[in-house]
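**Student:** Structure of the sequence below:
(2 chains)
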Number of protein chains: 2
Amino acid sequence: MDLQFDWEEVDAFVRQPDGMLFSWCERFHFYRHLIYGIIQWEPGEPLLQRLEAESIVKLVFPLHVEAKRKRLLRVWALNWWDFTDQPIDEIYSYFGTKMAVYFSFLGMYTRWMLFPAGLGFVVHLVDFGPFQLLVLPIFFISIVLWAVMFSQFWKRKNSALLSRWQISYSVGAYPGYDLGFKVPGKDRSSLQSSVELISKWGRDKKNDKERFQREEWFGTLMRFRNDVIIILSIICLQLPFELAYAHLYEVVESDYMKFGLTVIYLFLIQYFTRIGGKISVQLINNENNANREYRADSLVYKVFGLYFMQSYIGLFYHALLHRNFKTLRQVLIQRLIVSEVLENLWENSFPYLKYSYKKYKVRRKSKKEKGSPTGKIQFKSRVEKEYLKPTYSASIGEELEDGLFDDLLELTLQFGMIMMFACAFPLAFAFAALNNVTEIRTDALKLLVMMKRPVPRAAATIGAWLNIFQFLIVMSICTNSVLLVCLYDKEGKWRIEPGLAAILVMEHILLLIKFGFSRFVPEEPAWVRANRVKNATQAHEMYSKQLLRSISGGERTSNEIMKVE
Amino acid sequence: MDLQFDWEEVDAFVRQPDGMLFSWCERFHFYRHLIYGIIQWEPGEPLLQRLEAESIVKLVFPLHVEAKRKRLLRVWALNWWDFTDQPIDEIYSYFGTKMAVYFSFLGMYTRWMLFPAGLGFVVHLVDFGPFQLLVLPIFFISIVLWAVMFSQFWKRKNSALLSRWQISYSVGAYPGYDLGFKVPGKDRSSLQSSVELISKWGRDKKNDKERFQREEWFGTLMRFRNDVIIILSIICLQLPFELAYAHLYEVVESDYMKFGLTVIYLFLIQYFTRIGGKISVQLINNENNANREYRADSLVYKVFGLYFMQSYIGLFYHALLHRNFKTLRQVLIQRLIVSEVLENLWENSFPYLKYSYKKYKVRRKSKKEKGSPTGKIQFKSRVEKEYLKPTYSASIGEELEDGLFDDLLELTLQFGMIMMFACAFPLAFAFAALNNVTEIRTDALKLLVMMKRPVPRAAATIGAWLNIFQFLIVMSICTNSVLLVCLYDKEGKWRIEPGLAAILVMEHILLLIKFGFSRFVPEEPAWVRANRVKNATQAHEMYSKQLLRSISGGERTSNEIMKVE
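**Tutor:** Prediction:
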């Protein structure tokens, strides 16, 4: 239950899991408000902003709490015995909601992964004799059922987690996955926009309604235009490039050439993706999404389009056009093992190297300036050391996303890879499961040791990524069907008339539109939503005040005590 | 904005569209509470229940308000000039939410129908020469897009309507269509169950959570069992019967025989459906659905299964197995024109005949008893006349549904018929549009003239029916694809390998499971929901009280006036 805080009523509030009165996210925003808002140079001019502008203060960032950090290192990052169990409540109180939700998702995903991993192992190793023909379809069906159940049960787990952490999301929630939510220490920009939204909704209902409708449609149109731009540029620019690489890989015979080709390809694709990300961020700044989390989601969809092409087009090429399952499996193994291991190493070693280099530079500099560093340097060094550590930021669009973007992207690409080509390589699930068990640890290590402590974010779900998971499940149903056709039809005897094929393609596109349309047009018009949010917010605030007042008035009826409890 | 009512604060409340303070649904429940709850024979024993038990009071039912009834007759039922425009606000204040939502849906459906009706007309009449081959696919695509957009925009319109009528549904709403909602005069049984739900949610959180989880899973299991029973009995009993009829219809040559066959079939199917409905009601009474509207939805799904087989299996048989498009079109015309016209006539004439017969019987009886009826009989006759009119009840399960069940069923079956066989008979849309324009009037007439004034119901949406509409859209994408294949492949040259066909069927079933699964397992566990509803309800009540108190205390700050406004 949410109440407005009142110092005299401190007993009425439920404590956080770590015994604190406020969550880490709330505390962070209090501190920020204190140092930016209240300490002023001249009236109206925050001191710190001025100091930052004159680069006397270089950076304001949250510091690690050594005791807790060490405890988390022991029970979480370096604890290999609890396979997928993590101290989620501790993570929540140390890193905030979004991070805890991510690790909870990663843990549940890995735990559920053990089932298809085992199944894939059996399918790969055991020979079922006369039933061998039926094995792959059955594997396919169980995998899809598994994925469907996983995504639904994750939603349940997510809402259970939020309820445990006393985060209410009933107000302002679009039906669906992206639960907006409301805590006192809410993200500043999003709070502002919702306040703006509400204050706009004044007396003149008729006019307001029209303006809201106009704005909503204009927003939809802009988003649509941006989506079209992104999709077209992906198809016209990226698709040929990817196909050229896949084709060359298929044609070239020597292994050394292949290796060289891959290196060049990886080098080029890095730049390509970076440019695409920049363009997407630019486009999104023109959209007027309701708040920061919506903007982030919009970015995620667009950037995932880029990565989707990058990661899967080559695989589709080998699997569907050439029916070359050997190369497909080879590429899958290469991606799943080599590149994920390399990526994990890179993720941890690159920040460390960067940090070491910076430290070295600073040391040399301070050695030059003074003779030898002694005395007080020991105390300063912890803050200074952490200042030198890299920040936990996304590879694209720093202002919208933190490092979770990269971690979730990695997870999603892996999910797409193992799901969409499940029938071609059932063993992939086992590799993925193994990888994810280490992923939990390396991500934890990265957060606790390699990086600055990340700024807490208020998002209560994994947002757009779950929608992408759902999309990948649908895609995997279609691709695996095609894979099965290719596998059973080794002699290429099965024929399909062009008319029939055209009708089938049309049917699938229509089914996709049917299930995707509701994303474009929300169920609730913007003005209805604004009205509802306003009403509910007011009711809630008034209620909180009244409840506290009645308690402080000494009228603690048993009824009210129960409510607070 | 919802406030708890307080007589002294009467000015603070927004009036209903008809100038009343309370909606018709609320007033009805006040009256009921007054005559059942407050007037007591002995302490604790309501007078009226006793009188009913001894059949001194025969029936308690809402009377028509003559002035309003006549006005509605003039501006609504007999107003043929406003094509699909209806005085929805007046309907809302006279019949309550559910009825108004139904007529608003019917109106919007009919208005949107004009587009495919025109398109179907063009496709049917114009010869496009060399492009003739492309006409049907394009028609198919536009119809599907139309249907998808219609169902989404209806949701928006529905939420706009609720916002106009000041019905808030933010609390306790499952994400999705079936918005639960909360008004002071809420339906008694549903109120009770939600109160029960909340009171259960006591201090002992751990235990409660477990009990809720157990109950939820048990409920899901029971529902699943019932669904399986219904589906199996439909497949094992109804399917062979329907196929036998369709086969005989195909085989028999003489038109008289066909006619006779249809009569026998219609006679048998009546009984069949009635028995199926009874069984479904029995099964549902074993389920523990959260409230009355959920129970009603569960019934709708089950009974629609029966009607789905009944209405479409014959059509599928003609279309897909025999590729006999002549018979298919014949049956479609027969169903759309003859049976709908007959049904409309029946709907209006049967209640009238029943009413006339009853009146005649009563007249004869009273003539026998007295000599000749004079004097006071004129006054009594209005109430007595209305008592003799039939009640607005469903053909199945009176305790769960009112007459809207039949009306919505008719509409849904029509939608399925025209959508699923759109490519075989594009003209069907025009017939349906014509039919719906008259349907609005006949339904209105039925309500205003033929029937007792119906008891208002609190449902704020069309509930399960919209889900069925969505399901029918998906079905229609699949069936029309098959129809197109049949139409283009007149010589039967296109061949499909059995392996390929099996994989395609499997793919479609998996897609269906993917999109249907979320209906079985809700996104939010029951205990989270209970917790949330409890919090929000308390907040709201407290807020209302406080707001009223502060106004009555003379502290009308401008801020608060704005809030109330």
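**Student:** Run through the strands of chain A in chain order.
**Tutor:** With strands called from DSSP state E, chain A shows them at A:40-42, A:45-46.
**Student:** The ones you listed into CSV, with extra columns for mean neighbour count and mean pLDDT?
**Tutor:** Heads up, the C-betas are built off the backbone N, CA and C, glycines and all. Listed next are the strands of chain A as CSV, based on neighbours: other CB atoms under 10 Å in any protein chain shown; pLDDT from 0 to 100:
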stretch, mean neighbour count, mean pLDDT
strand A:40-42, 11, 73
strand A:45-46, 12, 74
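**Student:** Mind putting those into CSV with distance to residue B:401?
**Tutor:** Formatted as CSV, these follow (distance: least, CB to CB, whole Å):
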stretch, distance to residue B:401
strand A:40-42, 66
strand A:45-46, 63
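**Student:** can you tell me which of these comes nearest to residue A:256?
**Tutor:** Ranking these by proximity to residue A:256 (CB to CB) places strand A:45-46 first, at 60.1 Å.
**Student:** Run a quick neighbour tally on the residue of the stretch 301-450 of chain A found nearest chain B.
**Tutor:** Nearest to chain B, among the residues of the stretch 301-450 of chain A, is residue A:423, at 10.5 Å (CB to the nearest CB). With neighbours defined by other CB atoms under 10 Å in any protein chain shown, the count for residue A:423 comes to 24.
**Student:** Do I have it right that it meets residue A:480?
**Tutor:** Yes: contact status for residue A:423 versus residue A:480: in contact at 4.9 Å, counting by CB atoms under 8 Å.
**Student:** Can you check which residues contact both of the two?
**Tutor:** residue A:140 (CB atoms under 8 Å, 6 or more residues apart in numbering or on different chains).
**Student:** quick one: low-confidence parts of chain A?
**Tutor:** A:1-14, A:168-206, A:288-293, A:370-381, A:397-400, A:535-565 (pLDDT under 70).
**Student:** domain ranges for it?
**Tutor:** A:24-60, A:61-120+A:141-524, A:525-565 (automatic domain parsing).
**Student:** In the stretch 351-500 of chain A, what residue lies closest to chain B?
**Tutor:** residue A:481 (4.1 Å).
**Student:** what's the burial count for the closest residue to that residue other than its chain neighbours?
**Tutor:** Leaving out its chain neighbours, the residue that sits closest to residue A:481 by CB to CB, 6 or more residues apart in numbering or on different chains is residue B:507, at 4.1 Å. Per other CB under 10 Å, the neighbour tally for residue B:507 reads 21.
**Student:** returning to that earlier point: wait, what's in contact with the residue of the stretch 301-450 of chain A closest to chain B?
**Tutor:** Contacts of residue A:423 by CB under 8 Å, 6+ apart are A:136, A:139, A:140, A:480, A:483, A:484, A:487.
**Student:** from the residues you listed, which is closest to residue B:153?
**Tutor:** residue A:480 (34.5 Å).
**Student:** wait, doesn't the closest one sit right on residue A:140?
**Tutor:** Yes: Residue A:480 is in contact with residue A:140 according to CB under 8 Å; the separation is 5.1 Å.
**Student:** Contact partners for residue A:301?
**Tutor:** With CB under 8 Å, 6+ apart, residue A:301 has these contacts: A:227, A:464, A:467, A:468.
**Student:** Swap in 7 Å and give it another go.
**Tutor:** residue A:464 (CB atoms under 7 Å, 6 or more residues apart in numbering or on different chains).
**Student:** mind putting the contacts of residue A:423 in TSV, neighbour count included?
**Tutor:** Shown next, in TSV, are these (neighbours: other CB atoms under 10 Å in any protein chain shown):
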residue	neighbour count
A:136	19
A:139	21
A:140	23
A:480	28
A:483	25
A:484	21
A:487	17
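**Student:** Would you mind putting the CA coordinates of stretch A:259-271 into PDB?
**Tutor:** Provided in PDB are the C-alpha atoms of stretch A:259-271 (Å, rounded to 0.1, in the frame of the first residue of the first chain):
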ATOM      1  CA  PHE A 259      38.000 -16.800 -41.200                       C
ATOM      2  CA  GLY A 260      39.300 -13.700 -42.800                       C
ATOM      3  CA  LEU A 261      35.900 -13.000 -44.300                       C
ATOM      4  CA  THR A 262      34.300 -13.300 -40.900                       C
ATOM      5  CA  VAL A 263      36.800 -10.800 -39.400                       C
ATOM      6  CA  ILE A 264      36.100  -8.200 -42.100                       C
ATOM      7  CA  TYR A 265      32.400  -8.800 -41.700                       C
ATOM      8  CA  LEU A 266      32.500  -8.400 -37.900                       C
ATOM      9  CA  PHE A 267      34.500  -5.200 -38.300                       C
ATOM     10  CA  LEU A 268      32.100  -3.700 -40.800                       C
ATOM     11  CA  ILE A 269      28.900  -4.800 -39.000                       C
ATOM     12  CA  GLN A 270      30.100  -3.000 -35.800                       C
ATOM     13  CA  TYR A 271      30.100   0.300 -37.600                       C
END
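**Student:** Name the residues that touch it?
**Tutor:** With CB under 7 Å, 6+ apart, stretch A:259-271 has contacts from A:245, A:248, A:249, A:252, A:310.
**Student:** Any chance of CSV for those, columns neighbour count and distance to residue B:208?
**Tutor:** Below are the contacts of stretch A:259-271 laid out as CSV (neighbours: other CB atoms under 10 Å in any protein chain shown; distance: CB to CB, whole Å):
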residue, neighbour count, distance to residue B:208
A:245, 20, 58
A:248, 14, 63
A:249, 19, 59
A:252, 13, 65
A:310, 19, 49
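**Student:** Show me which pair in those is furthest apart.
**Tutor:** Across those (CB to CB), the longest gap, 19.9 Å, separates A:252 and A:310.
**Student:** hang on, the earlier thing: just the contacts of stretch A:259-271: which are in helices?
**Tutor:** Residues of these located in helices (DSSP state H): A:245, A:248, A:249, A:310.
**Student:** between those residues, which is nearest residue A:26?
**Tutor:** Minimum distance to residue A:26 across the ones in helices among the contacts of stretch A:259-271 is 38.9 Å, recorded for residue A:310 (CB to CB).
**Student:** which residues sit in contact with the closest one?
**Tutor:** Taking CB under 7 Å, 6+ apart, one finds A:242, A:269, A:273 in contact with residue A:310.
**Student:** And it, how far from residue B:333?
**Tutor:** Residue A:310 sits 54 Å away from residue B:333, going by CB to CB, to the nearest Å.
**Student:** how about the helices in the stretch 201-350 of chain A?
**Tutor:** Ranges of helices in the stretch 201-350 of chain A, per DSSP state H, counting those that start in this stretch, are A:205-233, A:239-251, A:255-286, A:292-316, A:325-333, A:340-369.
**Student:** Now do the buried residues in the third one.
**Tutor:** Just to be clear, that refers to helix A:255-286. A:265, A:269, A:272, A:273, A:276, A:277, A:279, A:280, A:281, A:283, A:284 (16 or more other CB atoms under 10 Å in any protein chain shown).
**Student:** So the last one versus chain B, what's the distance?
**Tutor:** Taking CB to the nearest CB, to the nearest Å as the criterion, residue A:284 is separated from chain B by 24 Å.
**Student:** ditto for the fifth one
**Tutor:** Distance of residue A:276 to chain B, computed by CB to the nearest CB: 30 Å.
**Student:** Return the residues in contact with the closest residue in space to that residue that isn't next to it in sequence.
**Tutor:** If the residues on either side of it in the chain are set aside, residue A:276 comes closest to residue A:306, at 4.5 Å by CB to CB, 6+ apart. Neighbouring residues of residue A:306 by CB under 7 Å, 6+ apart: A:234, A:238, A:273, A:276.
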